[in-house]
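Student: Predicted model follows, preceded by the sequence.
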Amino acid sequence: MKPLDLHKPRRYLALWLPLIVTDRLVRLSGQKRGDHPLVVVARKGNILALVGADANARRQGLRPGLAFADAKARVPHLEIVEHDETADAELLEKLADWCDRYSPFVATEPPDSIVCDITGVPHLFGGEAKLVGDMETRLKAQGFATRIGVAGTARAARALARFGRGGIVEPGGEAHALAGLPVEALESGEKTTTGLRRAGLTTISDLAARPRKPLAARFGDAMTAALAQLIGEIDRPITPRRPLPDFMAEQRFADPIGLMDDIVAALATLSQNLCRSLDRHGQGGRCFEAAFFRADGKVTRIEVLSGQPLKEAGALTRLLNMRLDALADPIDPGFGFDMIRLSVLAGDDMAAVQGGLDGRAMALVEVRDLIDRLSARFGADAVQRFVANDSHLPERAARSIPAISDETPSAAWRQAGPFGVPARPLFLFYPPPLIEVIAEVPHGPPRRFLWRRAWFDIVSAEGPERIAPEWWRKTSDTRARDYFRIEDAAGHRFWVFRYGFYGIGTKPVRWYLHGVFP
C-alpha cells in the first residue's frame, strides 16, 4: 500500500501510561514487590520528590511531584526505589516500536505518552473501537495501566487520555467532548493555568466561549493555538519517530507463526504484493525493511539494500532469505510473530530495461544482482568498489565505497594514454618501496634500478610527470615528485618517481617504485 495520505482528515490515537515508572519495576520483578505502596523518588533541586507511584500509593494520596518527606509523613511504610530515567526512556521507545503494529506514523511524548496517526488504519481491526480494545488488552496482558483517547487532532486525543476518561470522539465532536476538561488540559504551563483560574476560566468550555483576541492579548498566542487544537479547529501533525515508508505491505496472523518455513513463505507473499505496488507506480526500491512483530511485544527489524532500483519479487525474496541466513544473531520468534511488515524505506524511479543486441544491458543487470546478493550475504561493507577522488596524488586519487552504494563520485577517472595504455597502473604499492637508481642527473629518467636484490635494465622511458604536494593539507610530504613510466629488457613496465631535485635543498634525492603495469 502507499503511505498515509496526509490530505485526508486525520484521526489520532493517544496512549497514556500513567504508571509506566512503577509498571516497569513490577514487570522486572515478575510480581508485586511487597504489600507496601511503591514509590519512585528522584532529587528535584534541593528536595527529594516522588516521580512515580503505583496504584496502591495513589489510593493513599501519594502523587508524582509530592515531596518525599510529605509522602513519608502521610504513609510511613513505603517501598522506595530510586528513579532510573534512562530505563524509563528505553521502555517508552520499546513500546513505541510495539505500537508500530497499529500505524507506521508513531511519535513519543516523554515521559509517559505515545501518539499514533491511525488515519486509514481502523478498518484493518474492524473499526476504531476494536483497535482500541485490542491495544488495551495486549498492554494489560503485559502489565501496563493505560488510558487511550482517539480524536481528530493529536492534542485533543492526548487531552482526552491524560485529563479525561479516554474514549473515542467522533469526527468534528472535539469541542463538545472536551468541553468539561479542566484548563490544565491546555498544558500551557503553570503560570498560564494559574492566571486562567484566577480569571474564573476553569474549563475548556469557558475558554471556547470567549473571544480569542482578548485571550491572546492576555495569555499569549500559544495558549489560543493550543485551545484551537483541543476543540478541533486546527490540527498540527505529529512528527514520526521513524521515517515513513514509501511503500509497504503487511500480513497479520490469527495464530502467531514461529517456523522458519512459515516466515519465508510470508516474506515471499509480501514481496509479491509490495513489488506489484512498486510496478504500478513505476518505482523500484533501494532500501527494504522487514519488521517482525512478536506476540509478546518485541519487534525485530532487518534491512536489505539494493544497488539498483528493485521491483522483482523473486530477487527481493532471495535477498531477504540470504539476509536472514547471514544474521549473526538469528531472529527469535519466541511465542511467534503475529504480524510481519515489509517496507520500502528508499526508492527511485525505475524504467523497464531494454536489452541491446550485444547483451551488455542485461549483463550489467546481472552484475548488479550479484553485488546485491553478496552484500546481503556478507554485509554492505564487505563488498567494495573504487571511485575517483578529487586529488592528483596517486595514493589519494581513488577511494573505496560499498559497491551497493549509489553515491556519485566527485571526480572522473584519468583517461588512458596513447594507444590505450593506462596513464597510471591499476596496482600501486603503499607505501612505495625505496629503490636504488642509476639515472641521468639532474632531470633524466632511470637507466638501471635495484629492487628486491635484482637489477633491471631500462630500455625505454616516458616522462617526467611532475606532481606537486597538496600545500593546503597538513602533511610531511612537502617535496615535488617526477614520475616516469619505464620498461626493462624483459618487457616489464614500472611506474617510478624521483622525490626531490638534485642540487636543490639539503635533503637527499630518493627514488621510489610506486606501481607496476600489467
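Tutor: Yep, it's here.
Student: so the spatially most central residue of the chain, which of the three states?
Tutor: Centroid-nearest residue in the chain, with C-alpha atoms, centre = their mean: R242, separated by 6.6 Å. With DSSP: H, G, I helix; E, B strand; the rest coil as the basis, the three-state label of R242 is coil.
Student: helix or strand right after the helix or strand R162 falls within?
Tutor: Per DSSP states H and E, R162 falls inside helix 154-163. Per DSSP H and E, the first helix or strand lying C-terminal to helix 154-163 is strand 167-168.
Student: Least confident secondary structure element in this protein?
Tutor: Taking mean pLDDT, DSSP states H and E as the measure, the chain has helix 360-378 as its least confident helix or strand, at a mean of 71.
Student: Any buried residues in the helix or strand following that helix, and which?
Tutor: As assigned by DSSP H and E, the chain's next helix or strand after helix 360-378 is strand 384-388. For strand 384-388, burial by neighbour count (16 or more other C-beta atoms under 10 Å) applies to V387. Every residue, glycine included, has its C-beta placed from N, CA and C.
Student: now do stretch 149-165
Tutor: Quick answer for stretch 149-165 (16+ other C-beta under 10 Å): 149-164.
Student: surely the residue nearest to the centre of the chain meets T108?
Tutor: No: between R242 and T108 there is no contact under C-beta atoms under 8 Å: 10.7 Å.
Student: pLDDT weak spots in the protein?
Tutor: Along the chain, segments meeting pLDDT under 70 span 1-8, 29-34, 351-365, 410, 415-421.
Student: Show me which positions of the host helix or strand of Q251 end up buried.
Tutor: Secondary structure assigned from DSSP H and E places Q251 in strand 247-257. For strand 247-257, the neighbour count (16+ other C-beta under 10 Å) marks 247-251, 256-257 as buried.
Student: which residue ranges form the strands in the stretch 401-518 of the chain?
Tutor: Remark: strands assigned in the stretch 401-518 of the chain by DSSP state E, counting those that start in this stretch are 427-428, 434-439, 446-451, 454-467, 481-488, 493-499, 510-516.
Student: packing partners for the shortest one?
Tutor: Helices and strands touching strand 427-428, as assessed by 3 or more C-beta pairs under 8 Å, 6 or more residues apart in numbering; DSSP states H and E, comprise strand 510-516.
Student: helices or strands next to the strand it packs on in the packing?
Tutor: So strand 510-516, by 3+ C-beta pairs under 8 Å, 6+ apart, packs with strand 427-428, strand 434-439, strand 446-451, strand 493-499.
Student: Tell me which of these lies nearest to A315.
Tutor: strand 427-428 (34.0 Å; C-beta to C-beta).
Student: how far out from the middle of the chain is the closest one?
Tutor: 37 Å (C-alpha atoms, centre = their mean, to the nearest Å).
Student: Numbering from 329 from now on, please.
Tutor: New numbering, starting at 329: the last item is strand 755-756.
Student: which residues in the stretch 579-728 of the chain form helices?
Tutor: 588-608, 641-654, 688-706 (DSSP state H, counting those that start in this stretch).
Student: Need the ones you listed in a markdown table (columns: mean neighbour count and distance to A817).
Tutor: Below are these laid out as a markdown table (neighbours: other C-beta atoms under 10 Å; distance: least, C-beta to C-beta, whole Å):
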| stretch | mean neighbour count | distance to A817 |
| --- | --- | --- |
| helix 588-608 | 17 | 61 |
| helix 641-654 | 18 | 51 |
| helix 688-706 | 16 | 39 |
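Student: which one of those helices lies closest to G675?
Tutor: helix 588-608 (7.2 Å).
Student: And the contacts of that closest one?
Tutor: 329-330, 575-579, 581, 585, 612-613, 618, 620, 639-642, 644-645, 648-649, 652, 659, 661, 665, 668-670, 672, 675, 678 (C-beta atoms under 8 Å, 6 or more residues apart in numbering).
Student: redo that, cut-off 7 Å
Tutor: Applying C-beta atoms under 7 Å, 6 or more residues apart in numbering, the external contacts of helix 588-608 come out as 329, 575, 577, 579, 585, 612-613, 618, 639-641, 644-645, 648-649, 668, 670, 672.
Student: Please apply the same query to stretch 656-669.
Tutor: 429, 576, 578-581, 584-586, 594-595, 598, 618-624, 626, 628, 652.
Student: cool, stretch 709-721 as well?
Tutor: Stretch 709-721 has contacts (C-beta under 7 Å, 6+ apart) with 699, 702-703, 724-732, 737-741, 795, 798.
Student: Mind checking which of those are buried?
Tutor: Those of the contacts of stretch 709-721 that meet the buried threshold are 699, 702-703, 725-726, 730-732, by 16+ other C-beta under 10 Å.
Student: Name the member of the residues you listed with the shortest distance to H411.
Tutor: H411 has its nearest neighbour among these in P730, at 42.8 Å by C-beta to C-beta.
Student: before we move on, back to that, can I get the helices and strands packed on strand 838-844 in TSV with mean neighbour count and distance to R355?
Tutor: Listed next are the helices and strands packed on strand 838-844 as TSV, based on neighbours: other C-beta under 10 Å; distance: least, C-beta to C-beta, whole Å:
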stretch	mean neighbour count	distance to R355
strand 755-756	14	59
strand 762-767	16	66
strand 774-779	16	69
strand 821-827	22	67
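Student: picking that back up, using CSV, lay out the strands of the stretch 729-846 of the chain together with distance to P539.
Tutor: CSV is the format used below for those (distance: least, C-beta to C-beta, whole Å):
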stretch, distance to P539
strand 755-756, 77
strand 762-767, 87
strand 774-779, 92
strand 782-795, 76
strand 809-816, 80
strand 821-827, 83
strand 838-844, 81
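Student: So which of these is nearest A503?
Tutor: strand 755-756 (73.3 Å).
Student: Partner strands of the closest one and their direction?
Tutor: strand 838-844 (antiparallel) (DSSP bridges).
Student: buried set for the strand it pairs with?
Tutor: By neighbour count on 16+ other C-beta under 10 Å, the buried set for strand 838-844 is 839-843.
Student: go on, stretch 415-428?
Tutor: 416, 419-420, 423-428.
Student: So which of the residues you listed belong to helices?
Tutor: Using DSSP state H, the members of these that fall within helices are 416, 419-420, 423-427.
Student: With adjacent residues omitted, what lies nearest to S516?
Tutor: Distance criterion C-beta to C-beta, 6 or more residues apart in numbering; nearest residue to S516, sequence neighbours excluded, is M551 at 4.7 Å.
Student: Redo the buried ones among the contacts of stretch 709-721 as a markdown table? Include distance to L353.
Tutor: Shown next, in a markdown table, are the buried ones among the contacts of stretch 709-721 (distance: C-beta to C-beta, whole Å):
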| residue | distance to L353 |
| --- | --- |
| I699 | 49 |
| L702 | 47 |
| S703 | 43 |
| A725 | 59 |
| A726 | 56 |
| P730 | 44 |
| A731 | 48 |
| I732 | 45 |
